[in-house]
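Enquirer: any chance you could fold what I've pasted below:
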Amino acid sequence: MLRVLPLLLVVLAGTAGCGGSDAPSPADTGSDAPEAGDAITANDSGGGFTLAAGGETSLRLSSDYVWEEPVVEGAAVELSRVDYLQDPGFAEWLVRGVSPGSATISALGTPACVGEDGCPDEPLRFQVTITVSG
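Expert: Residues are numbered from 1 along each chain as shown. Model (predicted):
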């Protein structure tokens with residue numbers, strides 16, 4: 001029985017996030033937003049998303065840039081930094097819908113390759129709007 005329990009816990013943990021009902025969905029902005037269960041990335045900048053109150057998704061910004069801590073304007077969402085023991089190639093924050101309304105998340109990224117040939121000269125500006133539904 002002891003051998004079955006760890007396997008059962010792994011199976012249950014693997015299915016705990018299934019369903020996707022709390023994942024972001026595109027707002028009526030016409031943007032190419034991530035599908036349910038996808039993380040929001042720098043490619044989504046300028047877009048709008050809908051998140052259920054109590055729902056969560058991830059914001060992942062590439063390690064190709066050194067990102068300032070994202071700023072949230074509005075009380076509809078909260079951000080929590082996700083820390084990793086090993087670099088996954090991106091900085092990540094958990095986005096949680098806390099109350100109906102909208103909030104804007106913005107961040108500024110400086111190219112990580114500063115001083116190298118072919119490195120972009122300008123920082124990258126990121127901004128999305130999250131609408132939290134009741």
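Enquirer: what average pLDDT does stretch 50-62 get?
Expert: Across stretch 50-62, the average pLDDT comes to 96.
Enquirer: before we move on, what about stretch 73-83?
Expert: 96.
Enquirer: for that stretch, list the C-alpha coordinates in CSV.
Expert: Taking C-alpha atoms only, stretch 73-83 is exported to CSV below (Å, rounded to 0.1, in the frame of the first residue of the first chain):
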residue,chain,number,x,y,z
GLU,A,73,-2.8,49.9,-11.1
GLY,A,74,-6.2,49.0,-9.7
ALA,A,75,-7.4,46.7,-7.0
ALA,A,76,-8.9,43.9,-9.1
VAL,A,77,-5.7,41.7,-9.1
GLU,A,78,-2.8,40.9,-6.9
LEU,A,79,0.7,39.8,-8.0
SER,A,80,2.9,37.4,-6.2
ARG,A,81,6.5,36.6,-7.3
VAL,A,82,7.3,33.0,-8.1
ASP,A,83,10.8,32.1,-7.1
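Enquirer: centre of the chain to it, how far?
Expert: How far stretch 73-83 lies from its chain's middle: 10 Å, per CA atoms, centre = their mean, to the nearest Å.
Enquirer: which residues touch that stretch?
Expert: 51, 58-59, 69-70, 72, 91-106, 130-132 (CB atoms under 8 Å, 6 or more residues apart in numbering). The way it works is simple: take the backbone N, C-alpha and C, and place the C-beta from them, glycine included.
Enquirer: what are the buried residues along that stretch?
Expert: For stretch 73-83, burial by neighbour count (16 or more other CB atoms under 10 Å) applies to 76-77, 79.
Enquirer: in strands, which of these appear?
Expert: In strands, judged by DSSP state E, the following of the buried residues of stretch 73-83 are found: 77, 79.
Enquirer: helix or strand for the closest residue to E56 other than its chain neighbours, which one?
Expert: Nearest residue to E56, sequence neighbours excluded (CB to CB, 6 or more residues apart in numbering): R96, at 5.0 Å. For R96, the host element (DSSP states H and E) is strand 90-97.
Enquirer: circling back to that earlier point, and which of the buried residues of stretch 73-83 is nearest to D121?
Expert: L79 (28.4 Å; CB to CB).
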